[in-house]
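In: Sequence and predicted structure, then a few things I'm wondering about:
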Amino acid sequence: MRRGDPGPLAPSEIAADVLDYVRGLDADIAFDFEMLYNLDSSDIGPTHWDGIGTALAAKMNDYAGFVVLHGTDTMAFTASALSFMLVNLPRPVILTGAQRPLAYVRTDAPENLVRAALCAVMDVAEVGVFFGRRLFRGNRVTKTSIQSYEAFESPNHAPLIEMGVEVIRTALPRCAVGPFTLRPGFCQDVAVLQMVPGAHPRILEAAALSGQRGVLIRGFGSGNLPHTGWPEAIRAAVDAGVAVVLQSQCLRGKVNLESYVGGRAALDAGAMPASEMTYEAAVVKLMWLLGQGLSGEALRRAYRVDQAGEGAG
């Protein structure tokens, strides 16, 4: 990013000389550089996820690991998407970015890039996000700060690595259980509804009537909803072929639809609990499973299976 004169931050021309900002790193690690997209991350979506995943898969056996430079605003969505589509990943794929642009004097970008590159040659064969001091599982992170250089957290899972004076392994990485497979394809007909006190269930009805194939509802507390009107609307949506997921607005903890009457009624009506998944992982997983052609009971079963360490179940 560079700031216009005058104007806000926008993508700039960039080339392989990005490594000039981290001089010396190439003494330890040999790099190739490829530009896939030059976009503000707010403009990155499912078609770009497919493109990134396809490009990585095509060169999977040519490198020890990969670093994906990405804007912070939607990095957690892209990381979740890559974690689902790169099945049985044999190499590290590490996403990183910065709170301030690489060309700025006071920037966190060089340090994040150096540390992400070091993680990309470690035995951490999964999609990760490196930011600040920590490597997180990619489908377990969410951006929690606009201001801090420690912009990401992993609310329900320990970081994989913490880098200080020493490199500390804080959680075990996943291991492949079969051959590497690329499974792209994400359904974009997915809506997100945020519950507020007094919200009328007709907003779910409207989403179903608009052609949405999936709806994620961000409920209260452990995923709770009002027990009047909402369970009936969920049942109508599910009967119409719309997949409904219930997730929590809370940052930490696990969705439990058995705790309250409203949640239990939603579960009985066909809603799927998001368990301890982040918001980003919960919605991207729904998009991915729909994009794989699943629906009905097959989709319900697959959604409750932990596909990539995201915390389902």
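Out: Here it is on my side, so go on.
In: for residue 130, helix, strand, or coil?
Out: With DSSP: H, G, I helix; E, B strand; the rest coil as the basis, residue 130 sits in strand.
In: and it, how many neighbours does it have?
Out: Residue 130 is flanked by 30 other residues according to other C-beta atoms under 10 Å. Quick note: C-beta positions are derived from backbone N, CA and C, even for glycine.
In: Skipping its backbone neighbours, what lies nearest it in space?
Out: In space, and not counting its chain neighbours, residue 130 is closest to residue 116: 4.0 Å by C-beta to C-beta, 6 or more residues apart in numbering.
In: For the one you found, give me its contacts.
Out: Residues near residue 116 by C-beta atoms under 8 Å, 6 or more residues apart in numbering: 67, 94, 95, 96, 130, 135.
In: try 6 Å
Out: Residues near residue 116 by C-beta atoms under 6 Å, 6 or more residues apart in numbering: 67, 94, 96, 130.
In: Residue 108: which of those is nearest?
Out: The shortest approach to residue 108 among the contacts of residue 116 belongs to residue 96, at 9.8 Å (C-beta to C-beta).
In: What ranges in the stretch 101-250 of the chain fall below the confidence cut-off?
Out: Judged by pLDDT under 70, the stretch 101-250 of the chain has no weakly predicted residues.
In: which stretches of it form strands?
Out: Along the stretch 101-250 of the chain, counting by DSSP state E, counting those that start in this stretch, strands occupy 127-131, 134-137, 142-143, 152-153, 161-163, 167-169, 181-182, 190-194, 214-219, 243-248.
In: what angle do the last one and strand 190-194 make?
Out: Strand 243-248 runs at 40 degrees relative to strand 190-194, counting by axes from the mean of the first three to the mean of the last three C-alpha atoms, to 10 degrees.
In: who touches the helix or strand following strand 243-248?
Out: Per DSSP states H and E, the first helix or strand lying C-terminal to strand 243-248 is helix 261-268. With contacts defined as C-beta under 6 Å, 6+ apart, helix 261-268 is touched by 223, 224, 225, 226, 227, 231, 234, 246, 257, 258.
In: Tell me the predicted confidence for the residue nearest to the fifth one when sequence neighbours are not counted.
Out: Just to be clear, that refers to residue 227. Spatial nearest neighbour of residue 227, excluding adjacent residues (C-beta to C-beta, 6+ apart): residue 262 at 3.8 Å. If you check residue 262, the pLDDT there is 94.
In: number of nearby residues for residue 262?
Out: Residue 262 has 21 neighbours, counted by other C-beta under 10 Å.
In: ok, now how distant is it from residue 88?
Out: 39 Å (C-beta to C-beta, to the nearest Å).
In: now do residue 153
Out: 27 Å.
In: Between the two, tell me which one has more neighbours.
Out: Neighbour tally, residue 153 and residue 88, criterion other C-beta under 10 Å: the higher count belongs to residue 153, 20 against 14.
In: The more buried one contacts residue 140, correct?
Out: No: applying C-beta atoms under 6 Å as the test, residue 153 and residue 140 come out as separate, 9.3 Å apart.
In: on that earlier part again, got the contacts of helix 261-268 as a markdown table, with distance to residue 26 and neighbour count columns?
Out: Formatted as a markdown table, the contacts of helix 261-268 follow (distance: C-beta to C-beta, whole Å; neighbours: other C-beta atoms under 10 Å):
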| residue | distance to residue 26 | neighbour count |
| --- | --- | --- |
| 223 | 48 | 31 |
| 224 | 53 | 23 |
| 225 | 54 | 27 |
| 226 | 58 | 19 |
| 227 | 60 | 14 |
| 231 | 59 | 23 |
| 234 | 54 | 26 |
| 246 | 48 | 27 |
| 257 | 51 | 22 |
| 258 | 54 | 10 |
